[in-house]
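Enquirer: Sequence plus predicted model, see below.
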Amino acid sequence: MTDSEIMDLYQKRDEAAIRETQKKYQRYLMKIAMSILGDESDAEECLNDALLAAWNSAPADRPEHLSLYLGKIVRVKAIDRVRYNTRQKRQGTEYTVSVEELEEVFVDDRSPENALDDALLREALQNFLRKQSAEVRMLFLARYFYYRSLREAASLCGMSESKAKTILFRTRKKLRTFLKKEGFMP
């Protein structure tokens, strides 16, 4: 079933939309949730919450790419779940590890999560990444947007973990300099 047909089902409020979405995108969405949460039961709950959110928002939104739309919803739900879980106990998921790596870039009382939500900063990050090579951009996004482990991100980019670690370190250093120059940091 095509994305357009699935969206038609959502807009008609047909429950088959959920079944078709699960058939087509469950593995993809679980991969996103698992990379952030690291726990299958939390990831399944997050997926269910995301499907409910898609159900509730579908009449108003008709995304061009359903997979990206659903992926964004799952990502937000998973990050919210990590925040909820880490209030009680800190866990070492790829999300928390990658956020910790970015903490060296962001200073003051702004957390990386809050800073990344800021529209101006997001635009600056996009400008910074556009100036990087495709390899660096792909590695950076795999690690810090999709929360892949260092091993997975390196593998996706066809490089060793050591090379990926060095590139990410240098890229974070360049990003820090760039953000200072743009006035986001003292």
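Expert: The structure has been received and is ready for your questions. Residues are numbered from 1 along each chain as shown.
Enquirer: can you pull the buried residues of the host helix or strand of residue 176?
Expert: Taking DSSP states H and E as the criterion, residue 176 maps to helix 161-181. Along helix 161-181, these residues count as buried under the neighbour rule (16 or more other CB atoms under 10 Å): 164-165, 167-168, 171-172, 175-176, 178-179. In short, each C-beta sits where N, CA and C put it, glycine included.
Enquirer: For the protein, which helix or strand comes out least confident on mean pLDDT?
Expert: Between all helices and strands in the chain, the lowest mean by mean pLDDT, DSSP states H and E belongs to helix 112-117, at a mean of 50.
Enquirer: Which segments of this structure make up each domain?
Expert: Using automatic domain parsing, the domain ranges for the chain come out as 3-88, 94-181.
Enquirer: any idea which of the ones you listed scores lowest on pLDDT?
Expert: Of all the domains of the chain, the minimum mean pLDDT falls on domain 94-181 (a mean of 79).
Enquirer: List phi and psi for residue 147.
Expert: Here is the backbone geometry of residue 147 (degrees, to the nearest 10): phi 60, psi 40.
Enquirer: pretty sure it is touching residue 36, no?
Expert: Yes - with contacts counted by CB atoms under 8 Å, residue 147 reaches residue 36, the gap being 5.1 Å.
Enquirer: In contact with residue 165: list those residues for me.
Expert: Taking CB atoms under 8 Å, 6 or more residues apart in numbering, we find residue 165 in contact with 150, 154.
Enquirer: sorry, back to before: any chance of the buried residues of helix 161-181 in JSON lines, with distance to residue 141 too?
Expert: Below are the buried residues of helix 161-181 laid out as JSON lines (distance: CB to CB, whole Å):
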{"residue": "164", "distance to residue 141": "13"}
{"residue": "165", "distance to residue 141": "16"}
{"residue": "167", "distance to residue 141": "13"}
{"residue": "168", "distance to residue 141": "11"}
{"residue": "171", "distance to residue 141": "11"}
{"residue": "172", "distance to residue 141": "14"}
{"residue": "175", "distance to residue 141": "13"}
{"residue": "176", "distance to residue 141": "18"}
{"residue": "178", "distance to residue 141": "16"}
{"residue": "179", "distance to residue 141": "17"}
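Enquirer: quick revisit: and the next helix or strand past the least confident helix or strand of the chain?
Expert: Assigned by DSSP H and E, the successor of helix 112-117 is helix 119-130.
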